[in-house]
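>>> Okay, sequence plus prediction incoming.
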Amino acid sequence: MPRLDIEDSSGAAHRQVDEPESNSVTFTLSTPTSPTSHRRPRPGVSRRGSMEALDERSPLLQRSRSHMRIHNTYDSMRVPNLSRNHSYTGSIKSIHRHHSRAGSWGQRLVSAISDRAESGLAESKSSLFPDERVWYDQFTSTDWVHDSIADAYRVKALRSRKDFWGRIIVLFDSAQGWILMGLVGVIVAVIAYIVDVSESTVFDLKDGYCSKAWYLSEKKCCPLGPCTDWIDWGEVLEGHSMGEQWAEFGVYIFFVVALAVLACLLTLTTKTIVPSAYRLTTLDENLAAVAVSPPSNDNTDDDGTTVSPRQLTPTPAPIIPPMIYYSAAGSGVAEVRVILSGFVLHGFLGLRTLVIKSLGLILSVGSGLSLGKEGPYVHIATCVGNVACRLFKKYDGNDAKRREVLSAAAAAGVAVAFGAPLGGVLFGLEEVAYFFPAKTLFRTFFCCITAALTLKFLNPYGTHKIVLFQVHYNFDWEYFELGTFMLVGVLGGAAGALFIKASRHWAKKFRGIQLIKTSPILEVVLVALVTALTSYWNVLTKLPVAKLLYNIAAPCDARDNNLDNLGICPSSIEEIPPILWRLLSAFLVKGLLTIVTFGIKVPAGIYVPSMVVGGLMGRIIGHLVQWLVMATPSWRVWGTCPLVADGTCIQPGIYALIAAGSTMCGVTRLSVTLAVILFELTGSLDYVLPFSLAILVAKWTADAIEPLSIYDLLTEMNSYPFLNNKHKPIFTGDLADIVPRVRRERIIDISTSPLVPATSLRTKLELLHQAGELDGGLPIIRDDILVGLIPAPDLEYALDNLENESSDLCLMTSVPSIDDSDDGHVDKTDFTPYIDPAPVALDIRSPLDLVYELFVKLGLRYICVLRDGRYAGMTHKKTFAKYVREMEEKDGSTW
């Protein structure tokens, strides 16, 4: 193998490095890769060496800066350009590139108003803020600190103008957030309206069609009850040799399977390939995917000695299959939560995902599978917020500001899903939002109200209700029912926790089968067949989940055309036992179907299916209490309850709704949000206390049985670098316990010279990529003192701009004798604009609690470590998150 001489960063003697073979390990991908957009190249910049690579290269903030050319005075040997084409990490960068977005109309409007809209302090050569940044790469973390400072400089630049147009620009800038919130709310409501209207028509196609208008559902075709305009398939197939009932059954099975397969095929078009270098296990809700242990980053020999830099030169990694995920599959709530915490998942919130998931959701819900549309509404709404951010550079060019809009959009998804704008705000605060300042809270409230009002005006169900399962109760609860409400809460929490355990077990056992793992559509066909075969014969399980929830939660004296005659309202004590058996069979069927359906490759939510399972259980308990009161009317504990006209004051629908909320609490661990949602669904203050009490007990029970919620489980199984900011772990050590030893290939030493060979920087960068630290950084050291840090994405961007990387020397610190030239020439070898001169640093004796607070509260990507003022190492957020996860698994506790 040929050898290359590469000069060390300190200017010392040349060291030997193995040159990579030209036939390095690559993957031949026949399937679509990550979604990407295209950008126009920056004028005047020649990106040699890695133009084929994928990353986000457009600068986040632009400024002009003059530099003097630093000529190479070192007698360095010319070596081949070590571009990303030589990388062994399997990075997505070697496949294609994410690019910047074209200027939006909002940006053009600001530019038309003033030519200084994008200038100001950032244009000043004397600015101390290094605002030349690149877009975030796939699976990296947002630099919250930088984005916050960048926005502060942007606002300061806008306010520096005191003339009339300057004030107009400031007002327009302030109004952009409100414009986005209102626009997102309206669009989310319109999409929810389209899905609500379409899925009901598609669902009813399994039973028949409307002769006067095929696109109408049965209720809209015959609003007053059965009519001749609705044609059952039995009438169409009358005289068939199979018989009318069996013919209808065959058509029913065909539509269930066909719609489910179509939804799956749409979902599979969002397939995204993730190269193995990203060190993730699975990226979807297929919990059975085999986790691949990443190679150890501990660069020490068995005897404890440090491995030399020569031995740590990038070497071909073992062949590990690329990971695959489908952005339109599942509910997407877990991924939205991770994205809002600062993790970057390109393509997951794009326009393509938005369209495909909306269409797939109509088909999957219409197929009759045991899934809901409420969870996917959160993902769809977040996609709307992400796409809408492109209107204004204020949000499009700043990931931290963008996440303010995404938080509000996710809340609007819950608002239209449950008809609960207040519940949506609390959902954003309790479940998905990571940073939720007061300003974001008020704008989220505005977005939710806008979405709910728009959906109210659109009237998707023709009842002037936002959702189908809004109910109202006419009787208050009795004191003796508090005990049964608490029992319902315990059972609901236990059911939710057991659902999580059963889903994990089913995924690992069934989806661990190689045929199922490699053929997602086969699993969808099998689940659809089982659903059709078991649901057709029960009038309860045949209903759509939202309609079933409404029927079991509604009071028996309700008068509503949307209610079906299901025979679950007894008029005497003798009618209660048959109802109990019917409810019990539906409970078992729905429970099992929900377990096997969760995780298949179609758009699917878990909120309403879990509520339906709990609601059936609660309805059973309600009828048992009702039977007990009617059987023993003389018991004094009942008070005046038996004196009601029908012999009992017990309303089984109340028990069904309380159990529905308790079970959903056990699955998602939402608490205050659920209590408010149930309050908004009933519109009654009388039942806020029973709802709250049952949810409180349910959460305690679920936490005792299964510490993880369903979204915590997905986050853990997918190995997302997510630090839970709602459950602080208990630390017993300090920073020294997790900081690896300092290695020369992980630092830039400028003790002997501020000029560092570009080839040496490229080698160090490749080592970071090989370790999976795409968003890491290289500290700059002078005489063991930390003098700065250059982020890995910025270093890669700067190296790609070099005209002759094999021989260039790069300036890594300011040199007083070198001033900016007046000819406007930009020196591409001056890397000082990319260097953070004051990275966050802690003493090595700092407690891990402080490290946790810095990562969670400040959103840092890495923290430098000092010992007595001298550099002692660096810890990355992903490394810390992995340490916390392993610590919690070892202790058997939860975050």
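That came through, no problem. Residues are numbered from 1 along each chain as shown.
>>> Convert stretch 769-781 to CSV, retaining C-alpha atoms only.
Extracted in CSV, the C-alpha atoms of stretch 769-781 (Å, rounded to 0.1, in the frame of the first residue of the first chain):
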residue,chain,number,x,y,z
HIS,A,769,-16.7,11.5,11.0
GLN,A,770,-15.5,7.9,11.6
ALA,A,771,-16.4,8.3,15.2
GLY,A,772,-19.9,9.5,14.2
GLU,A,773,-19.4,13.0,15.5
LEU,A,774,-20.5,14.9,12.5
ASP,A,775,-21.5,17.8,14.6
GLY,A,776,-18.4,17.7,16.9
GLY,A,777,-15.6,20.1,17.0
LEU,A,778,-11.8,20.4,17.2
PRO,A,779,-10.4,22.4,20.1
ILE,A,780,-7.5,24.7,19.3
ILE,A,781,-4.7,24.5,21.8
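>>> to the chain's geometric centre, what's the distance from it?
Distance, stretch centre to chain centre, for stretch 769-781: 25 Å (Cα atoms, centre = their mean, to the nearest Å).
>>> repeat for stretch 780-788
Worked out by Cα atoms, centre = their mean, stretch 780-788 lies 38 Å from the chain centre.
>>> which outside residues touch it?
Stretch 780-788 is contacted from outside by 747-751, 779, 789-790, 812-813, 835-839, 841, 864, 866, 869-871, using Cβ atoms under 8 Å, 6 or more residues apart in numbering. (C-beta placed from N, C-alpha, C; glycine too.)
>>> With stretch 464-474 instead?
With Cβ under 8 Å, 6+ apart as the test, stretch 464-474 has contacts from 416-419, 452, 455-456, 461, 546-547, 549-550, 553-555, 557-558, 562, 651, 653-654, 657, 681-684, 686-687.
>>> quick one: which of the residues you listed sit in helices?
Among the contacts of stretch 464-474, DSSP state H puts 416-418, 452, 455-456, 546-547, 549-550, 553, 653-654, 657, 681-682 in helices.
>>> Now do the nearest residue to residue 378 once chain neighbours are set aside against residue 198, distance only.
Closest residue to residue 378 apart from its sequence neighbours, by Cβ to Cβ, 6 or more residues apart in numbering: residue 413 at 3.9 Å. For residue 413, the distance to residue 198 equals 17 Å [Cβ to Cβ, to the nearest Å].
>>> Any quick ChimeraX command for the buried ones out of the contacts of stretch 464-474?
Buried residues among the contacts of stretch 464-474 (16 or more other Cβ atoms under 10 Å), as a ChimeraX selection:
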select :416,417,418,419,452,455,461,546,547,549,550,553,554,555,558,562,651,653,654,657,681,682,687
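>>> Quick check: residue 529 is in a helix.
Yes - assessed with DSSP: H, G, I helix; E, B strand; the rest coil, residue 529 lies in a helix.
>>> Verify the contact between it and residue 252 for me.
No - contact between residue 529 and residue 252 fails when scored by Cβ atoms under 8 Å: they sit 11.5 Å apart.
>>> neighbour count winner among the two?
Ranked by neighbour count (other Cβ atoms under 10 Å), residue 529 and residue 252 place residue 252 first, with 19 against 14.
>>> which SSE is that one in?
In this structure, residue 252 sits in helix 244-268 according to DSSP states H and E.
>>> Could you list the paired strands of the very next helix or strand once past that helix along with their orientation?
Where DSSP H and E defines the elements, the next helix or strand beyond helix 244-268 is strand 271-274. Strands that pair with strand 271-274, judged by DSSP bridges, come out as strand 323-326 (antiparallel).
>>> Who are the packing partners of the helix or strand just after the partner strand?
For strand 323-326, the following helix or strand on the C-terminal side (DSSP H and E) is helix 333-340. Secondary-structure packing of helix 333-340 (3 or more Cβ pairs under 8 Å, 6 or more residues apart in numbering; DSSP states H and E): helix 374-388, helix 399-418, helix 710-717.
>>> can you tell me the average pLDDT over helix 333-340?
The pLDDT scores in helix 333-340 average 90.
>>> what's in contact with it?
Contact with helix 333-340 is made by 285, 345, 348-349, 375, 378-379, 382, 403, 406-407, 410, 431-434, 710-711, 714-715, 718, 720, 722, as judged by Cβ under 8 Å, 6+ apart.
>>> What residues sit buried inside that helix?
333, 334, 335, 336, 337, 338, 339, 340.
>>> from the residues you listed, which is closest to residue 361?
When the buried residues of helix 333-340 are compared for distance to residue 361 (Cβ to Cβ), residue 333 wins out at 13.7 Å.
>>> Tell me how far residue 600 lies from residue 483.
From residue 600 over to residue 483 the distance is 39 Å, taken as Cβ to Cβ.
>>> of the two, who's got more company?
Ranked by neighbour count (other Cβ under 10 Å), residue 600 and residue 483 place residue 600 first, with 27 against 9.
>>> Wasn't the more buried one part of a helix?
No - read with three-state DSSP, residue 600 is coil and lies in no helix.
>>> isn't it right next to residue 521, touching?
No - counting by Cβ under 8 Å, residue 600 does not reach residue 521; the two are 9.5 Å apart.
>>> So which residues of the stretch 101-250 of the chain form strands?
208-210, 230-232 (DSSP state E, counting those that start in this stretch).
>>> Average pLDDT for the last one, rounded please.
In this model, strand 230-232 carries a mean pLDDT of 87.
>>> Distance from the chain centre to it, please.
Offset of strand 230-232 from its chain centre (Cα atoms, centre = their mean): 42 Å.
>>> Over to stretch 479-489?
Put simply, stretch 479-489 sits 36 Å off its chain's centre (Cα atoms, centre = their mean).
>>> tell me which residues in it are buried?
Residues of stretch 479-489 classed as buried by neighbour count (16+ other Cβ under 10 Å): 481, 484, 485, 486, 487, 488, 489.
>>> tell me which element residue 615 is part of?
According to DSSP H and E, residue 615 maps onto helix 607-631.
>>> Which residues belonging to that helix are considered buried?
Across helix 607-631, burial judged by 16+ other Cβ under 10 Å covers 607-630.
>>> Average pLDDT for it, rounded please.
pLDDT averaged over helix 607-631 gives 93.
>>> In TSV: the helices and strands packed on helix 333-340, plus mean pLDDT and distance to residue 445.
Formatted as TSV, the helices and strands packed on helix 333-340 follow (pLDDT from 0 to 100; distance: least, Cβ to Cβ, whole Å):
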stretch	mean pLDDT	distance to residue 445
helix 374-388	95	15
helix 399-418	92	8
helix 710-717	86	23
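>>> Can I get those in CSV including distance to residue 468?
Shown next, in CSV, are those (distance: least, Cβ to Cβ, whole Å):
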stretch, distance to residue 468
helix 374-388, 11
helix 399-418, 11
helix 710-717, 24
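>>> for those, which one sits closest to residue 879?
Per Cβ to Cβ, nearest to residue 879 of the helices and strands packed on helix 333-340: helix 710-717, 16.4 Å.
>>> and that closest one, what does it pack onto?
Judged by 3+ Cβ pairs under 8 Å, 6+ apart, helix 710-717 is in contact with helix 333-340, helix 481-509, helix 652-668.
>>> circling back: taking the buried residues of stretch 479-489, tell me the two that lie furthest apart.
Farthest-apart pair in the buried residues of stretch 479-489 is 481 and 489; separation 12.3 Å (Cβ to Cβ).
>>> before we move on, back to that, just the contacts of stretch 780-788: which are in strands?
Using DSSP state E, the subset of the contacts of stretch 780-788 located in strands is 748, 749, 779, 789, 790, 841, 864, 866, 870, 871.
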